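> structural data only, the sequence is not supplied:
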């Protein structure tokens, strides 16, 4: 419910009868809605509705450092421990101009350990720049899903879509039961000379839901090897890797890094500039 804005909540209430009980579930320490309002926090702070605080975490194990770090971020009080290494947590220090090369090496090691991009998610705050999502996605594609004579591919603008690519949905398509932030894999590609529509077609598998995209729909998807922290809200991943750099500065704030850190179930790796991480935790 932290993601619901006032307009959507207004519509929800208008659509309900008075003989129901409405239970809202959410975490106001995470990112607020993109639309207007800070609804969940305002409702709780009003003390007008009964509120139950769920304090037991089930996503991570009891001895998880990820949980300790999340509490420190939430309180805006980071201890020196964030630079230590734990079973479920590592901070790899490097300058911003080495983030890309170190990230690629790290991903190669992670693949050697048996992780694929379905169990791992890389998260970043921004799309633009040297360490932005757009620049890193094409590099990560070559690591996780390199070109092969056995895989068909299609060029759309400056993006190459390839069979077996990890894909992020950018808009709601309710008729296809696929929504903004959903992650899938390109199952197969049909070229225009073999498809019924006579157009290139991309078929993306979203957990068993196969969705067809023709060229007019290609703008509705992009690579999902690395995605924004905003798009990850509401999801969880076995392993999360997050670059940290001062170049993200205008997007580095407490709710954002708290949301990113708490997406990780078993392993969290931060890579980059520790000072950027400290800045984000202290920035409300």
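Arrived safely. It should be emphasised that the depicted structure is a prediction, and the values quoted were computed from it without experimental measurement. Residues are numbered from 1 along each chain as shown.

> in the lengthiest helix in the chain, what's buried?
The residue-count maximum for a helix in the chain (DSSP state H) belongs to helix 99-112. Within helix 99-112, the residues that qualify as buried by neighbour count (16 or more other C-beta atoms under 10 Å) are 99-100, 102-103, 106-107, 110. Where you see a C-beta, it was placed from the backbone N, CA and C, and this is true even at glycine.

> got the contact list for it?
For helix 99-112, contacts defined as C-beta atoms under 8 Å, 6 or more residues apart in numbering pick out 92, 94, 120, 122, 130-131, 135-136, 139-140, 143-144, 239, 241, 243, 245, 269, 271-272.

> average model confidence for it?
When pLDDT is averaged over helix 99-112, the result is 95.

> helix or strand right after it?
Toward the C-terminal end, the helix or strand that comes next after helix 99-112 (DSSP states H and E) is strand 120-124.

> packing partners for the helix or strand following that next one?
Remark: after strand 120-124, the chain's next helix or strand is helix 133-144, criterion DSSP H and E. Using 3 or more C-beta pairs under 8 Å, 6 or more residues apart in numbering; DSSP states H and E, the elements in contact with helix 133-144 are helix 99-112, strand 120-124, strand 159-162, strand 221-223, strand 226-228.

> and the pLDDT for the residue nearest to residue 251 when sequence neighbours are not counted?
Excluding the flanking residues, the one nearest residue 251 by C-beta to C-beta, 6 or more residues apart in numbering is residue 125, at 3.8 Å. We note a pLDDT of 94 for residue 125 in this prediction.

> what's near enough to touch the residue most central in space within the chain?
When C-alpha atoms, centre = their mean is applied to the chain, the residue found nearest the centroid is residue 232 (2.7 Å). By C-beta under 8 Å, 6+ apart, the contact set of residue 232 is 121, 123, 181, 259-260, 263.

> ok, 6 Å please
By C-beta atoms under 6 Å, 6 or more residues apart in numbering, the contact list for residue 232 reads 123, 263.

> what ranges do the helices span in the stretch 151-284 of the chain?
Remark: helices assigned in the stretch 151-284 of the chain by DSSP state H, counting those that start in this stretch are 229-232, 254-261, 274-282.

> for residue 30, which of those helices is the nearest?
Closest to residue 30 of the helices of the stretch 151-284 of the chain is helix 254-261 (C-beta to C-beta; 4.6 Å).

> hang on, the earlier thing: give me the neighbour count for the residue nearest to residue 251.
Number of residues near residue 125 (other C-beta atoms under 10 Å) recorded here: 26.

> for it, phi and psi?
phi -80, psi -30 (degrees, to the nearest 10).

> am I right that it is in contact with residue 246?
No. Under the criterion of C-beta atoms under 6 Å, residue 125 is not in contact with residue 246, lying 11.5 Å apart.

> distance to residue 67 added to the helices and strands packed on helix 133-144, as CSV?
Output for the helices and strands packed on helix 133-144, formatted as CSV (distance: least, C-beta to C-beta, whole Å):
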stretch, distance to residue 67
helix 99-112, 22
strand 120-124, 18
strand 159-162, 37
strand 221-223, 31
strand 226-228, 23
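
> show me where pLDDT drops low in this structure?
Residue ranges of the chain with pLDDT under 70: 58-62.

> redo that, cut-off 80
55-63 (pLDDT under 80).

> can you map out the strands along it?
For the chain, strands defined by DSSP state E occupy the ranges 89-93, 120-124, 153-156, 159-162, 166-169, 183-190, 201-206, 209-213, 221-223, 226-228, 237-244, 264-272.

> which of those strands sits most buried?
strand 120-124 (a mean of 25; mean count of other C-beta atoms under 10 Å).

> I'd like to know which elements that strand is packed against.
strand 237-244 (3 or more C-beta pairs under 6 Å, 6 or more residues apart in numbering; DSSP states H and E).

> contacts for the strand it packs on, please.
Contacts with strand 237-244, where a contact means C-beta under 6 Å, 6+ apart, come from 99, 119-124, 131, 260, 263-273, 276-277.

> strand partners of that strand, parallel vs antiparallel please.
Paired neighbours of strand 237-244 in the sheet (DSSP bridges): strand 120-124 (parallel), strand 264-272 (parallel).

> quick one: it to strand 89-93, angle?
Calculated by axes from the mean of the first three to the mean of the last three C-alpha atoms, to 10 degrees, strand 237-244 forms an angle of 20 degrees with strand 89-93.
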